[in-house]
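Colleague: Below are the sequence and a predicted model for it; my questions follow.
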Amino acid sequence: MIKVAVLVGSLRRESYSRKIANNMVNLFPEDYELEFVEIGSLPFYNEDYDAENNAPAEYNAFRNKMKNMNAVLFVTPEYNRSVPAVLKNALDVGSRPYGESIWDGKPALIVSQSIGAISGFGANHHLRQALTFLNMPVVQQPEAYIGNSAGLLDENGKINNEETVQFLQTVVNAFVELIKKNKA
């Protein structure tokens, strides 16, 4: 069983990112187990916690859960042309203490979305920059920018556009191939 963590960069109850992620989990092969890992309760990263061997319980739970994951699917909106703070904080918490990063070598897929036409381009590329430093192989092609996301979802949160579903299936297939290539 391949375990894939799903990290959503939005905390909003009716988040478009979460709805898109919910649609995507059904596109993976049967031998893939996808799990939404919540990041909203992580205290802001403070190195003093690790230096004093007094990390908050939320850090330890998150780090331990992520250590058991084989790959990570990031679905995020764009906040002010960048990554939401909650997602960046999760990256920081998981990358420490120094030398103990839970991200190292884990394949990743980035899907950015926006209610506008720019499709979260800035968030996607800022996240790619951070994942490069964290040594995470990332799906390069196809790139996944989802624009006008509010109009792509029906009243039940399902994607109502078959071309978008087919595109996301192509993206998931590329991610599955990347995971296979990077399997330890």
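Modeller: Happy to help now that I have it.
Colleague: so who does Thr132 touch?
Modeller: Val138 (CB atoms under 8 Å, 6 or more residues apart in numbering). Using the backbone N, CA and C atoms, a C-beta is placed for each residue, glycine as well.
Colleague: what about it, distance to Leu27?
Modeller: 25 Å (CB to CB, to the nearest Å).
Colleague: so where's this protein shaky on pLDDT?
Modeller: Counting by pLDDT under 70, the chain contains low-confidence ranges at 184.
Colleague: which stretches of it form helices?
Modeller: 16-25, 47-51, 57-67, 85-95, 121-133, 162-181 (DSSP state H).
Colleague: so can I have TSV of these showing distance to Glu33?
Modeller: As requested, the helices of the chain are arranged in TSV below (distance: least, CB to CB, whole Å):
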stretch	distance to Glu33
helix 16-25	10
helix 47-51	30
helix 57-67	13
helix 85-95	19
helix 121-133	22
helix 162-181	12
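Colleague: Figure out which of those is closest to Val139.
Modeller: Closest approach to Val139 among the helices of the chain (CB to CB): helix 162-181, 5.0 Å.
Colleague: Give me the helices and strands touching the closest one, please.
Modeller: Counting contacts by 3 or more CB pairs under 8 Å, 6 or more residues apart in numbering; DSSP states H and E, helix 162-181 packs against helix 16-25, strand 71-76, strand 108-113, strand 144-146.
Colleague: Give me the distance between the last one and the centre of its chain.
Modeller: Averaging C-alpha positions (CA atoms, centre = their mean, to the nearest Å) puts strand 144-146 13 Å from its chain's average.
Colleague: Many thanks, I have nothing further to ask.
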